[in-house]
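# only geometry, no sequence info:
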């Protein structure tokens, strides 16, 4: 029986998924939740690919240098940084590929089945096609380049929301946006427990729980956001080199990093990278848990082995 | 009439270097590289022109704008530890 004091938790639907705010004291929860909700709304209005009133949706490729808000400018910078630090494994110019695969509306409204798609098979335009001038706060998109900031924008929002909630309350705060987790301020006694699962909305009783004392934690998985088109099935993790869903040996990758956006970037990159991911993560000293398509677990760079006796990382 | 092997190979190499529009009944997620598709669906592959970034302007700007000084993703100060048995987790990290 755990003797840790209960944590205060608020959850609500956000960004097509679920937002959590966790504080050690219930007295801090209301203020923290309000700050996080405001940050979530800001990022959604700036970066949604599907909201008709979003700033990203209004960007016109080929229109020259377009002024953008500070929120979108930061999200674009985070996406380009992720692309640079992964040599393009995580690339924001996968928007067209996702649309052609059928992911052209909020996932909740996406039909599970549809006709066979018309695919563009080949590299996406690439992050170097995006011209961002943070001093003038303008972005230039060549004709035909569509952006998807989904992964990094959500993680960036978690980092910023946690920091803002901590600043507003003085309390330690854990923020989770669809399983992208950021912390700020002092950790609760004994650390912040987080369960790790294929699907943040459907954890299984045997999914492991770890404790984090700071930084960020993120999971990317090909088991969620899947849909059928024609005889095939697609998912939302696109390999920028091929313009098609990533087809590596891993179904789910969880990474701990100094920030949520770095953790998310690494987890997504690992799914795209495939068999070379363990070495890539070790080289960067990023603790990670990888689950292959058969359910075998690899824990590396200090990530604790699953209690149920998951195979260790040795030799992989 | 089937193309000569050398000509076909050259064609497939060219295909694999360019972006393709592919309209086939093949399975999404099963499709591979364009060359493989061209072999499997020779009547359904057509080349198109990929969006053309301007490497002399956009790329340079992008590289500079995202240069926050980081040269690699940053590891955590402390690695995650196993939770004590029966710990109830208020949050779940999973795919979304």
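Arrived safely, thanks for sending. Bear in mind that the values here come from a model prediction, so they are computed numbers and not experimental data. Numbering: from 1, shown residues only, chains lettered A, B, ... in the order given.
# So what does the closest residue to residue A:50 other than its chain neighbours look like in phi/psi?
Closest residue in space to residue A:50, ignoring its immediate chain neighbours: residue A:106 at 4.6 Å, by CB to CB, 6 or more residues apart in numbering or on different chains. For the C-beta atoms, the positions are set from N, CA and C on the backbone; glycine is no exception. Residue A:106 has phi and psi values of phi -50, psi 140 when expressed as degrees, to the nearest 10.
# What of residue A:95?
On the backbone of residue A:95 - angles per degrees, to the nearest 10 - the values are phi -60, psi -50.
# Which pLDDT value belongs to the closest residue to it other than its chain neighbours?
Counting by CB to CB, 6+ apart, residue A:146 is the residue found nearest to residue A:95 once chain neighbours are left out, at 3.1 Å. On pLDDT, residue A:146 comes in at 93.
# May I have the phi/psi pair for residue A:146?
Torsion angles, degrees, to the nearest 10, at residue A:146: phi -110, psi 140.
# Residue A:103 is in contact with that one, correct?
No: counting by CB atoms under 8 Å, residue A:146 does not reach residue A:103; the two are 11.5 Å apart.
# Neighbour count: these two, which is higher?
A count of neighbours by other CB atoms under 10 Å in any protein chain shown puts residue A:103 above the other of residue A:146 and residue A:103, at 24 against 21.
# check contacts around that one.
A:110, A:225, A:227, A:234, A:236 (CB atoms under 8 Å, 6 or more residues apart in numbering or on different chains).
# Distance check, the last one against residue A:144.
Okay, so that is residue A:236. 21 Å (CB to CB, to the nearest Å).
# Specify which residue of those two has the higher count of neighbours.
Legend: neighbour count by other CB under 10 Å for residue A:236 and residue A:144, higher for residue A:236 (24 against 17).
# what's the spacing between that one and residue A:63?
27 Å.
# what's the answer for residue A:115, then?
For residue A:115 relative to residue A:63 (CB to CB), the value is 31 Å.
# try residue A:298
45 Å.
# the more surrounded of these two?
Between residue A:298 and residue A:63, counting by other CB under 10 Å, residue A:298 is the more crowded of the two (24 against 11).
# so when I look at the more buried one, I'm seeing a helix, right?
No: per DSSP: H, G, I helix; E, B strand; the rest coil, residue A:298 lies outside any helix segment and is strand.
# Give me the phi and psi for the nearest residue to it once chain neighbours are set aside.
Nearest non-adjacent residue to residue A:298, counting by CB to CB, 6+ apart: residue A:290, 4.5 Å away. Backbone geometry at residue A:290, expressed as degrees, to the nearest 10, gives phi -110, psi 130.
# which residues touch residue A:290?
A:250, A:252, A:253, A:254, A:270, A:277, A:278, A:297, A:298, A:299, A:300.
# ranking the residues you listed by neighbours, who comes first?
residue A:254 (32 neighbours).
# does that one belong to a helix or a strand, and which?
strand A:250-257 (DSSP states H and E).
# One more: residue A:175?
strand A:173-177.
# so where is chain B shaky, pLDDT-wise?
Counting by pLDDT under 70, the low-confidence segments of chain B come to B:1-69.
# what do you get for the stretch 1-150 of chain A?
A:1-4, A:118-120.
# hey, where'd the strands end up in it?
All strands of the stretch 1-150 of chain A, identified by DSSP state E, counting those that start in this stretch, fall at A:8-14, A:17-23, A:65-67, A:118-121, A:131-133, A:138-140.
# Turn the ones you listed into a markdown table, including distance to chain B and mean neighbour count.
Formatted as a markdown table, the strands of the stretch 1-150 of chain A follow (distance: least, CB to the nearest CB, whole Å; neighbours: other CB atoms under 10 Å in any protein chain shown):
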| stretch | distance to chain B | mean neighbour count |
| --- | --- | --- |
| strand A:8-14 | 4 | 15 |
| strand A:17-23 | 4 | 24 |
| strand A:65-67 | 9 | 15 |
| strand A:118-121 | 5 | 21 |
| strand A:131-133 | 4 | 22 |
| strand A:138-140 | 6 | 22 |
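# Let's have the ones you listed in JSON lines, adding distance to residue A:39.
Output for those, formatted as JSON lines (distance: least, CB to CB, whole Å):
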{"stretch": "strand A:8-14", "distance to residue A:39": "10"}
{"stretch": "strand A:17-23", "distance to residue A:39": "10"}
{"stretch": "strand A:65-67", "distance to residue A:39": "22"}
{"stretch": "strand A:118-121", "distance to residue A:39": "34"}
{"stretch": "strand A:131-133", "distance to residue A:39": "21"}
{"stretch": "strand A:138-140", "distance to residue A:39": "21"}
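# So which of those strands is nearest residue A:260?
strand A:17-23 (12.6 Å; CB to CB).
# Give me the helices and strands touching the closest one, please.
strand A:8-14, helix A:29-47, helix A:150-169, strand A:173-177 (3 or more CB pairs under 8 Å, 6 or more residues apart in numbering or on different chains; DSSP states H and E).
# give me every residue that touches residue A:284.
Taking CB under 8 Å, 6+ apart as the test, what residue A:284 contacts is A:266, B:72, B:73, B:75.
# Residue A:224 too?
Contacts of residue A:224 (CB under 8 Å, 6+ apart): A:198, A:199, A:201, A:235, A:236, B:94, B:95, B:96.
# Find me the pLDDT at the third one, would you?
At residue A:201, the pLDDT value in this model is 78.
# same deal with the fourth one?
The predicted structure scores residue A:235 at 76 on the pLDDT scale.
# so it bridges to which residues?
residue A:226 (DSSP bridges).
# still on that earlier bit, looking at the helices and strands packed on strand A:17-23, which one is packed in the most?
strand A:173-177 (a mean of 32; mean count of other CB atoms under 10 Å in any protein chain shown).
# What is the strand holding residue A:175 packed up against?
strand A:17-23, helix A:29-47, helix A:150-169, strand A:180-184, strand B:91-95.
# In a markdown table: these, plus distance to residue A:74.
Output for these, formatted as a markdown table (distance: least, CB to CB, whole Å):
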| stretch | distance to residue A:74 |
| --- | --- |
| strand A:17-23 | 19 |
| helix A:29-47 | 9 |
| helix A:150-169 | 7 |
| strand A:180-184 | 15 |
| strand B:91-95 | 23 |
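# Out of the ones you listed, which gets nearest to residue A:305?
strand B:91-95 (17.1 Å).
# Residue B:89 against residue A:195, yeah?
Yes: with contact defined as CB under 8 Å, residue B:89 reaches residue A:195; the gap is 4.0 Å.
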